[in-house]
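A.B. asks: sequence and predicted structure, then a few things I'm wondering about:
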Amino acid sequence: MLGIVIMNIQSFAIPSVAYSNPTAFENLSGNDLYVYLFSYVFADQKFMSIFSMLFGASLVMLSQKARKEHLRSTDLQNRRLMFLALFGIVHAYLIWYGDVLLMYAICGFAVFVFRRKKSVFQIRTGIALLAIGSLISLLLGNTVPFWEPGEYDAARVEIWNPTSEVIAEEIDYYTSAWERQILQRAPQAFSLQTTVFVFENFWRISGLMLIGMALYKRNVFKAKQSTKYYTKMIIYGLGIGLPLVADGALLNFTYDWDFRMSFFFISQLNYWGSVLMAIGYVGIVMLICKASDNRGFILKRLADVGKMALSTYLLQSIIMGLIFYGHGLSLFGDIERSIQGIFILGMWVINILFAWVWLGMYKYGPFEWAWRSLTYGKFQSMAKD
């Protein structure tokens with residue numbers, strides 16, 4: 001949850017195109033270049049991959065818990081995902097267009113039927129789904145020579161190199177009153193939930209959820225595997241994934257951020273590399289957990305944030321909206337990448353302190369409590385035992 005802020009803040013602070021093509025809005029140089037490279041290589045899609053795998057694990061966890069409590073896991077899971085989708089719709093259209101909750105709910109419905117399959121089947125199916133998403137991008141890139149005249153240029157301008165007038169219009173909307181922002185936010189959210197979701201995110205998220213199910217069944221997320229097992233995750237994950245992602249960053253500059261090359265082909269290095277790096281990151285965290293006292297202060301504070309993942313995610317959006325959008329400080333488009341790091345550190349402090357204080361008084365985070373109550377169809381007790 002804390003790592004996700006590194007990338008999400010870019011969607012709050014600067015025009016949307018700069019997330020994929022930073023040269024469309026900025027002149028990358030000096031500290032801004034270094035910050036971009038760091039965030040792209042070490043954060044972009046890596047923490048979202050972990051988040052997706054953990055969500056897949058949660059589908060199995062809830063199913064197992066429901067059986068122990070003699071509840072119908074399917075009914076429980078359907079309500080859980082349905083209300084998560086509603087949270088996502090509200091979040092996407094009223095707060096931030098980059099919401100993933102609705103997409104996670106849809107993918108959760110799709111992969112839930114695989115929860116009882118063997119871990120080998122889940123991993124193979126997960127990789128197959130990831131491959132479909134990758135193949136779609138590669139196939140589309142190879143069809144470019146056959147597009148109608150002018151179609152490629154229109155797509156390039158819309159997706160990759162919008163005019164200065166379009167960028168200025170986005171800045172104007174997001175620095176305006178909240179109700180006017182919706183005119184910009186709604187079409188952006190709808191595009192992510194339809195076109196982008198169908199062609200890429202569905203396959204990626206669903207595939208990672210299945211891999212997460214398998215890792216949970218193999219006790220990977222419980223730090224119960226051997227030190228050798230986690231060391232292999234780190235060596236293979238980072239040893240293969242990091243060079244892939246770094247090469248992708250270099251190739252983008254080598255090809256001068258050409259739309260066809262960067263968007264359809266070079267992006268695949270990070271698409272796959274980020275999955276491998278996420279597995280390496282998991283290995284690092286699990287080794288730390290095996291070697292450390294889980295009751296240590298730092299691990300407990302990080303665990304607090306994890307227990308309040310939904311509240312942390314939504315709180316980040318609410319606070320960043322107040323900082324960058326027109327109903328707050330209206331800093332959208334004014335904060336350079338190098339300065340965004342200060343806001344990231346501030347958000348980490350807020351998230352950690354909020355989770356620490358809240359869970360010192362209550363059993364669940366505020367949104368977790370609401371989600372849990374809706375899922376079970378009755379108010380859950382907030383008081384600590």
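C.D. replies: Good, I have the coordinates. Numbering: from 1, shown residues only.
A.B. asks: okay, now the unreliable bits of this protein?
C.D. replies: 293-294, 385 (pLDDT under 70).
A.B. asks: can you give me how far the helix or strand hosting residue 166 is from the chain middle?
C.D. replies: Element membership of residue 166, judged by DSSP states H and E, is helix 164-174. Its chain's C-alpha centre and that of helix 164-174 lie 25 Å apart, by C-alpha atoms, centre = their mean, to the nearest Å.
A.B. asks: which parts of it are buried?
C.D. replies: Across helix 164-174, burial judged by 16 or more other C-beta atoms under 10 Å covers 167, 170, 171, 173, 174. C-beta here means a position set from N, CA and C on the backbone, and glycine is covered the same way.
A.B. asks: what's next to it, contact-wise?
C.D. replies: Residues outside helix 164-174 that contact it (C-beta atoms under 8 Å, 6 or more residues apart in numbering): 15-17, 24-25, 180-181, 183-185, 324-326, 332-333.
A.B. asks: just stretch 113-120 next, same as before
C.D. replies: Against stretch 113-120 from outside (C-beta under 8 Å, 6+ apart): 59, 60, 63, 121, 122, 125, 210, 213, 214, 215, 217, 218.
A.B. asks: go through it and flag the buried ones.
C.D. replies: 114, 115, 117, 119.
A.B. asks: closest to the centroid, which residue in the protein?
C.D. replies: Against the mean C-alpha coordinate of the chain, by C-alpha atoms, centre = their mean, the closest residue is residue 48 at 3.2 Å.
A.B. asks: that one against residue 4, yeah?
C.D. replies: Yes - Residue 48 is in contact with residue 4 according to C-beta atoms under 8 Å; the separation is 6.4 Å.
A.B. asks: quick check: residue 326 touching residue 181?
C.D. replies: Yes - counting by C-beta under 8 Å, residue 326 does reach residue 181; the two are 6.4 Å apart.
A.B. asks: what's next to the host helix or strand of residue 184, contact-wise?
C.D. replies: Using DSSP H and E, residue 184 sits within helix 178-191. The contact list for helix 178-191 (C-beta under 8 Å, 6+ apart) reads 16, 92-94, 96-99, 169-170, 173-174, 325-327.
A.B. asks: host element of the residue nearest to residue 82 when sequence neighbours are not counted?
C.D. replies: Nearest residue to residue 82, sequence neighbours excluded (C-beta to C-beta, 6 or more residues apart in numbering): residue 105, at 7.2 Å. Element membership for residue 105, per DSSP H and E: helix 101-111.
A.B. asks: what's that helix packed up against?
C.D. replies: On a contact count with 3 or more C-beta pairs under 8 Å, 6 or more residues apart in numbering; DSSP states H and E, helix 101-111 meets helix 46-68, helix 73-94, helix 202-217.
A.B. asks: would you list the ones you listed in JSON lines and tack on distance to residue 11?
C.D. replies: Listed next are the helices and strands packed on helix 101-111 as JSON lines, based on distance: least, C-beta to C-beta, whole Å:
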{"stretch": "helix 46-68", "distance to residue 11": "12"}
{"stretch": "helix 73-94", "distance to residue 11": "12"}
{"stretch": "helix 202-217", "distance to residue 11": "17"}
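A.B. asks: list the contacts of residue 28.
C.D. replies: Residue 28 touches 22, 36, counting by C-beta under 8 Å, 6+ apart.
A.B. asks: can you say which helix or strand has it in it?
C.D. replies: Judged by DSSP H and E, residue 28 forms part of no helix or strand.
A.B. asks: phi, psi of it?
C.D. replies: phi -70, psi 120 (degrees, to the nearest 10).
A.B. asks: with residue 334 instead?
C.D. replies: According to degrees, to the nearest 10, residue 334 has phi -110, psi -10.
A.B. asks: same check, this time on residue 362
C.D. replies: Per degrees, to the nearest 10, the backbone of residue 362 is at phi -130, psi 160.
A.B. asks: distance of the residue nearest to it when sequence neighbours are not counted from residue 370?
C.D. replies: Spatial nearest neighbour of residue 362, chain neighbours left out: residue 382 (4.7 Å); criterion: C-beta to C-beta, 6+ apart. Per C-beta to C-beta, to the nearest Å, residue 382 is found 11 Å from residue 370.
A.B. asks: got the contact list for residue 146?
C.D. replies: Contacts of residue 146 (C-beta under 8 Å, 6+ apart): none.
A.B. asks: wait, residue 238
C.D. replies: Here residue 238 is in contact with 276, 277, 280 (C-beta under 8 Å, 6+ apart).
A.B. asks: and what about it, helix, strand or coil?
C.D. replies: Using DSSP: H, G, I helix; E, B strand; the rest coil, the structure places residue 238 in helix.
A.B. asks: ok so, going back, dump the contacts of stretch 113-120 to TSV, plus neighbour count and distance to residue 342.
C.D. replies: As requested, the contacts of stretch 113-120 are arranged in TSV below (neighbours: other C-beta atoms under 10 Å; distance: C-beta to C-beta, whole Å):
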residue	neighbour count	distance to residue 342
59	25	37
60	21	39
63	18	42
121	13	46
122	27	41
125	19	42
210	31	38
213	31	38
214	24	39
215	24	35
217	19	41
218	16	40
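A.B. asks: among those, which two are most distant?
C.D. replies: Spatially, the most separated pair among the contacts of stretch 113-120 is 63 and 125, at 17.2 Å (C-beta to C-beta).
A.B. asks: and stretch 20-28, how far apart are its ends?
C.D. replies: Terminal residues of stretch 20-28 are spaced 13 Å apart (C-alpha to C-alpha, to the nearest Å).
A.B. asks: mind listing what's buried along it?
C.D. replies: Of all the residues in stretch 20-28, those buried under the rule 16+ other C-beta under 10 Å are 21, 22, 23, 24, 25, 26, 28.
A.B. asks: try stretch 345-365
C.D. replies: 347, 348, 351, 352, 354, 355, 358, 359, 362, 363, 364, 365.
A.B. asks: next one: it to chain centre, how far?
C.D. replies: 20 Å.
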